[in-house]
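*Asks:* This is a predicted model, with the sequence first.
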Amino acid sequence: MLRDLTPEVTDHILRNQFFGRLGYAENGQVQVLPVTYLYDGQAIYGQTREGGKTRSLRQNPSVCFEVDEQATPTCWRSVVVQGVYEELQGDERQHALQRLGPARLAPHKEPDANGVADFPSTIVYRIRILSKTGRSETKD
């Protein structure tokens with residue numbers, strides 16, 4: 001049976017997962033890429049490197065973000081977020097890096113005295129949430 005998830009369950013899924021899929025437009029095509037992330041109850045945070053994805057996101061910052069949990073083909077929960085991509089700078093960037101943590105951001109780099117594992121070329125971004133919905137299927 002298909003059901004809508006409550007806002008509380010939707011938030012729970014976003015908070016407790018660390019892997020999602022980022023959808024965006026690039027040259028008239030839709031791209032979907034796996035990313036690690038952090039959800040703080042207000043926005044989604046992540047990191048990436050300079051490239052085609054970042055150039056496309058700067059031109060068209062409208063994104064879709066999806067996270068799911070699947071136990072069986074007929075027992076799953078999924079959350080879809082519509083939002084806006086923005087790159088972080090300065091204190092906001094540093095704060096996000098600290099919250100992302102070295103294991104998510106740079107597993108092969110030792111954190112500094114502040115607990116931040118940073119590469120200068122790392123782009124730290126936020127997805128400002130415009131809407132979020134959740135669905136589930138259970139075999140009832």
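*Replies:* That came in fine, so what should we check first?
*Asks:* Roughly how far does the spatially most central residue of the chain sit from P73?
*Replies:* Centre of the chain computed as the mean C-alpha position; nearest residue by CA atoms, centre = their mean is Y37, 4.2 Å away. With distances taken as CB to CB, to the nearest Å, Y37 is found 25 Å from P73. To be clear about C-beta, it is placed using only N, CA and C from the backbone, and glycine gets the same treatment.
*Asks:* got it, and P7?
*Replies:* Counting by CB to CB, the gap from P7 to P73 is 26 Å.
*Asks:* so where do the strands sit in the protein?
*Replies:* Assigned strands in the chain, in chain order: 2-4, 19-26, 29-36, 38-39, 43-48, 62-72, 75-87, 123-137 (criterion: DSSP state E).
*Asks:* on that earlier part again, count the residues that sit near the closest residue to the residue nearest to the centre of the chain other than its chain neighbours.
*Replies:* Sequence neighbours aside, G46 is the residue nearest to Y37 in space, at 4.6 Å (criterion: CB to CB, 6 or more residues apart in numbering). Using other CB atoms under 10 Å, G46 is surrounded by 21 other residues.
*Asks:* wait, G46 sits on Y125?
*Replies:* Yes - with contact defined as CB atoms under 8 Å, G46 counts as touching Y125 (5.7 Å).
*Asks:* For the longest helix seen in the chain, enumerate the helices and strands it packs against.
*Replies:* The helix spanning the most residues in the chain, taking DSSP state H as the definition, is helix 90-105. For helix 90-105, the elements it packs on are strand 38-39, strand 43-48, strand 123-137, judged by 3 or more CB pairs under 8 Å, 6 or more residues apart in numbering; DSSP states H and E.
*Asks:* Just give me the neighbour total for L14.
*Replies:* With other CB under 10 Å as criterion, L14 counts 22.
*Asks:* Count the neighbours of the residue lying closest to it once chain neighbours are set aside for me.
*Replies:* Excluding its sequence neighbours, the residue lying closest to L14 (CB to CB, 6+ apart) is Y39, at 4.1 Å. Around Y39 sit 23 other residues, with neighbours defined as other CB under 10 Å.
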